[in-house]
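structure for this input, please:
(chains A and B)
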There are 2 protein chains.
Amino acid sequence: MNAEILCVGTELLLGDIVNTNAQFIAKELADLGIFVYYQSVVGDNPKRIKNSFEIAFSRADLVIVTGGLGPTKDDITKEVAAEYFNEKLVLDESSFNKIKEYFESQNRKMVEGNKKQAYFPKDSIILPNDYGTAPGCIIEKDKKILILLPGPPKEMINMFKSYVIPYLNKYQDKVLVSKVLRLCGIGESHMEDVISDIMRNQTNPTIAPYAKQGEVIIRITARANSRKEAESLIIPIKNEIYLRLSEYIYGEGDTSLEAEVAKLLINKKLTIATAESCTGGLIASKLINYPGVSSVFIEGMVTYSNESKMKRLNVKKETLQKYGAVSEQTAIEMAVGIAKEAGTNIGLAVTGIAGPGGGSEEKPVGLVFIGLYINGNVKIKKLNLKGSREKIRNITSIKALDFLRKEIL
Amino acid sequence: MNAEILCVGTELLLGDIVNTNAQFIAKELADLGIFVYYQSVVGDNPKRIKNSFEIAFSRADLVIVTGGLGPTKDDITKEVAAEYFNEKLVLDESSFNKIKEYFESQNRKMVEGNKKQAYFPKDSIILPNDYGTAPGCIIEKDKKILILLPGPPKEMINMFKSYVIPYLNKYQDKVLVSKVLRLCGIGESHMEDVISDIMRNQTNPTIAPYAKQGEVIIRITARANSRKEAESLIIPIKNEIYLRLSEYIYGEGDTSLEAEVAKLLINKKLTIATAESCTGGLIASKLINYPGVSSVFIEGMVTYSNESKMKRLNVKKETLQKYGAVSEQTAIEMAVGIAKEAGTNIGLAVTGIAGPGGGSEEKPVGLVFIGLYINGNVKIKKLNLKGSREKIRNITSIKALDFLRKEIL
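Predicted coordinates:
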């Protein structure tokens, strides 16, 4: 079964809101194993909505629509659907009573437009709305299935989970299972080079890479008769990718680099303190987003000035004078200094030039040193980054966490 | 001129990411006065991309496409565009050299796929990518305009602002001028209540409010024959909004709360140090994103543990025992402590329960105290926030900066 997603709403066309509905439905359909080849957005205009129905049904058996079920004159999705299928709109008494009750329970006055919300194309399957006044419906005719859902995400998501998924399950003979691998420290194109033969030779599972700032994601998706069968198709591919790229893979599924680093520190009972110059607290802030990190994260310092580096971290004045604040030597002294000061196993320190000013030929914007002290040993990493101040700071924080991850593994 | 937006990417069809690109472009085109009647999403499939080009150009003169300009074999938007317009792909030496330089400067190996990024349909206008390796392009043929942009939002947004807007402006006979007011400390619906009469009675300029996490934005947009005329239409409306909401407005145009606070500190020559518990460096990190803040930002401490609060900030043991780490008293001692330790005019301190665990009936998740020391005076602010750990931490950092802003004004 192929499906399309059509979101109706002028506020989407004007860019007033982000289309999170399309993403939610897309993800749910992928999990159900229903293919989606196109998504569309159209305004609250009868001619254009009808045109969208025609195009969508020329390519798919199932069209899922959000929006246009409200009480105002703008809301016309059901009206256009009735016209498209050449059916009348008929009042559903049960829905009408529920809408009346809803207003009574809220001590609000029902307006005429709300009655319109209880009309549906003849023979529709009605989908109750447990969070608002707009019920949805399913219309099955001429081997086409049209599902109309409300636009507000909360109402739509609840209706989808409660009523649409059970309905669609009966059309599913196959399941789709995805496994996501998260990588850091490798570019998207380099990664693809390494696994291009696997990608080329695979149709089930499929392998899809994509890039985010500072990291790369590989999604392996298998289609099979059962979840177990799909999972067994994924395993050999996943193992092969691990064989080639394990040093870059920091986690699987719904996780983040900072969460994986925090978990590692907790599991290995390694306490940590951070000393940040150009990142200014970004690394500490990321680690602290992981609940429960308090058992290992002792403290952080944002030593932005030279005075602060000397006073808090015992960086030597001569080091700053001879090599400068952005140098390998300073990064090392910062890392050792913070670990000693805080009494931790690990000291992670960063110093660099985030720009846009402050660069020189010898030390350009984007030059960063990461110092890492672990139980008496010191390591250093030098970066040459490009981009805005914000990007340089963010990539630095990612590289620092990844450096730490690799060193404690 | 009518336009359509087409976003290419299997990750969108699978619901892996939200389509923020479509929203950004939709909003920009609305500001330019270019109508958009449809948006679409299609996967990385040549037949279906071509089909989407055909449908879009049957309805619009201008089609703006994002995605599929990367170095991998999946990335085929330019190839399909060349086929659609019956043009060859030709190498652009200048783009090729820039890509080579990009890799050299990053000390990374350029792979074969990256060379592909320097090929464009013949006679294209090339759009430089200042934040990545994928340049975009504009193809004008047969009274159709096709604009191809990279998928990563940061690259796309920068390219759109720097090169696409100036290009599209020549098709506009009217100019559109927008003024953006940024507010903090007021909810969207409350704000709308206060200015609803102005919004209702206005057609030119239009007034569009929208909300982001922790702040609200009002966009005033005027359409006129000249920039000067448009600006003179905006002024009286802007003044009226200031009359009613000035206490909430922290800035205008392309700025941020942290940038405005940093500017105020620099102008007033007030030095600052921060002490953060639940925000874990987020406030310091935001302030440090403003270049030049080094003259006033002396240092920050992430005092996540009680030990650290005592050792670094001289918070009294009795205070922690009697009132707890999350209390008015602790917040005040933290603020005073960091200012004394760092020798600054201002000490800004935050302590709270970000959750998901750690809450109690008396002190629920979301309870936060902000302590502020300014030249001998102490102020305190209590928050009761709702939401995820990440949201509570982010809103706290915004509220703390807004609190500081109002107090130093």
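
and the stretch 151-300 of chain A, which residues reach chain B?
Listed as neighbours of chain B in the stretch 151-300 of chain A under the rule CB under 8 Å from any CB of the partner chain: A:178, A:187-190, A:192-193, A:196, A:199-200, A:208-211, A:213, A:217, A:219, A:221, A:274, A:276, A:278-285, A:287-289, A:291-294, A:297-300. Glycine gets a C-beta too; all of them are placed from N, C-alpha and C.

which strand or helix spans the residue of chain A positioned farthest from its centre?
Centroid-distance maximum for chain A: A:Glu318 at 46.2 Å, with CA atoms, centre = their mean. Assigned by DSSP states H and E, A:Glu318 belongs to helix A:317-323.

any idea how far that helix is from the middle of the chain?
Centroid separation between helix A:317-323 and its chain, computed with CA atoms, centre = their mean, to the nearest Å, is 44 Å.

what of stretch A:104-114?
On CA atoms, centre = their mean, the centre of stretch A:104-114 falls 38 Å from that of its chain.

tell me the average confidence for it?
Average pLDDT, stretch A:104-114: 76.

just stretch A:32-50 next, same as before
pLDDT averaged over stretch A:32-50 gives 93.

that stretch and chain B, are they touching?
Yes. Counting by CB under 8 Å from any CB, chain B is contacted by stretch A:32-50 at A:36-43, A:45, A:48.

what about the helices in the stretch 301-409 of chain A?
With DSSP state H, counting those that start in this stretch, the ranges of helices along the stretch 301-409 of chain A come out as A:306-313, A:317-323, A:328-342, A:389-408.

winner for burial among these?
Highest mean neighbour count among the helices of the stretch 301-409 of chain A (mean count of other CB atoms under 10 Å in any protein chain shown): helix A:328-342, with a mean of 24.

that one near chain B anywhere?
Yes. Using CB under 8 Å from any CB, helix A:328-342 reaches chain B at A:Ala342.

and the contacts of that helix?
Residues from elsewhere that reach helix A:328-342, judged by CB atoms under 8 Å, 6 or more residues apart in numbering or on different chains: A:271, A:273-275, A:277, A:298-299, A:301, A:303, A:309, A:312-316, A:319-320, A:322-324, A:344-351, A:369-373, A:378, A:380, A:382, B:308.

only the buried subset of the residues of the stretch 151-300 of chain A next to chain B, as a PyMOL command please.
Restricted to buried positions by 16 or more other CB atoms under 10 Å in any protein chain shown, the PyMOL selection for those reads:
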select buried, chain A and resi 178+187+188+189+190+192+193+196+199+208+209+210+211+217+219+221+274+276+278+279+280+281+282+283+284+285+287+288+289+293+297+298+299+300
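
what about the residues of the stretch 151-300 of chain A next to chain B, which are in helices?
Filtering these for membership in helices, criterion DSSP state H, returns A:188-190, A:192-193, A:196, A:199-200, A:282-285, A:287-288.

separation between the residue most central in space within chain A and chain B?
The centre of chain A sits closest to A:Asp254, judged by CA atoms, centre = their mean, with a distance of 8.7 Å. Distance of A:Asp254 to chain B, computed by CB to the nearest CB, to the nearest Å: 11 Å.

just give the closest residue to that residue, not the sequence neighbours.
Excluding its sequence neighbours, the residue lying closest to A:Asp254 (CB to CB, 6 or more residues apart in numbering or on different chains) is A:Val180, at 7.7 Å.

against which helices or strands is the helix or strand harbouring that neighbour packed?
According to DSSP H and E, A:Val180 maps onto strand A:175-184. The helices and strands touching strand A:175-184, judged by 3 or more CB pairs under 8 Å, 6 or more residues apart in numbering or on different chains; DSSP states H and E, are helix A:20-32, strand A:215-224, helix A:227-245, strand A:249-252, helix A:389-408.

and the fourth one, how far out from the chain middle?
In terms of CA atoms, centre = their mean, the gap separating the centre of strand A:249-252 from the centre of its chain is 15 Å.

can I assume A:Glu188 is in contact with B:Gly70?
Yes. Between A:Glu188 and B:Gly70 a contact is recorded at 6.7 Å, counting by CB atoms under 8 Å.
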